[in-house]
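In: What follows is a protein structure lacking sequence information:
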Ligand SMILES: N=c1c2ncn([C@@H]3O[C@H](COP(=O)(O)OP(=O)(O)OP(=O)(O)O)[C@@H](O)[C@H]3O)c2ncn1[C@@H]1O[C@H](COP(=O)(O)O)[C@@H](O)[C@H]1O
């Protein structure tokens with residue numbers, strides 16, 4: 001009965017907010033665009049222009065996100081952050097890097113202070 005109640009309660013909260021799982025879904029889409037028509041797929045256009053161009057776009061989007069952050073514009077920062085993450089996924093796919101390798105590194109760092117981590121490198 002409690003389970004039923006919990007289920008009802010969660011239904012009251014409305015649709016679940018998007019989560020970081022969108023990154024994994026997006027990576028599948030990006031990978032699927034390898035070899036697609038650059039005329040109909042922006043991702044395929046990036047792949048056709050090569051690693052250096054993709055890397056340049058990641059840099060450009062990072063700078064655009066930084067500028068919006070410095071301007072204090074959260075809405076624009078969200079949009080530029082989405083552009084940055086998308087182009088970073090394209091760069092990973094171009095190099096054959098699975099996102100799980102990045103998620104693993106982040107998980108391994110959980111609970112370890114960045115200050116302590118840096119000190120451990122010096123000792
Ligand atoms: N998340 C994105 C995404 N974010 C940004 N962009 C595109 O990135 C481009 C950035 O444009 P810019 O003006 O910054 O640069 P540019 O047009 O490359 O021109 P230059 O850099 O050469 O000046 C725009 O065309 C955006 O639409 C994206 N394109 C695609 N996706 C995702 O990828 C999926 C597949 O898209 P296609 O590959 O186009 O089918 C889409 O359904 C989305 O989920």
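Out: Thanks, I have the structure now. Fair warning: this is a prediction, and the values are worked out from it, not measured in the lab.

In: Could you find the closest non-adjacent residue to the residue nearest in space to the middle of the chain?
Out: Centroid check for the chain by Cα atoms, centre = their mean gives residue 85 as the closest residue, at 3.8 Å. Spatial nearest neighbour of residue 85, chain neighbours left out: residue 23 (6.7 Å); criterion: Cβ to Cβ, 6 or more residues apart in numbering. The C-beta positions use only the backbone N, C-alpha and C, and glycine is treated the same way.

In: next structured bit after the helix or strand of the chain with the lowest mean pLDDT?
Out: Sorting the helices and strands of the chain by mean pLDDT, DSSP states H and E puts helix 2-12 at the bottom, at a mean of 49. Using DSSP states H and E, the helix or strand that follows helix 2-12 towards the C-terminus is helix 21-32.

In: Residues in contact with that following helix: which ones?
Out: Helix 21-32 has contacts (Cβ atoms under 8 Å, 6 or more residues apart in numbering) with 43, 85-86, 89-90, 92-93, 99.

In: Stretch 90-100 now?
Out: 23-24, 27, 30-31, 34, 43, 46-47, 51, 54-55, 57-58, 89, 102.

In: which one of these sits closest to the ligand?
Out: residue 43 (3.1 Å; Cβ to the nearest ligand atom).

In: Please, which helix or strand holds the closest one?
Out: Using DSSP H and E, residue 43 falls in helix 42-49.

In: Could you give the average pLDDT over that helix?
Out: Average pLDDT, helix 42-49: 98.

In: In terms of secondary structure, what does it contact?
Out: In this structure, helix 42-49 makes packing contacts with helix 51-71, helix 74-95, judged by 3 or more Cβ pairs under 8 Å, 6 or more residues apart in numbering; DSSP states H and E.
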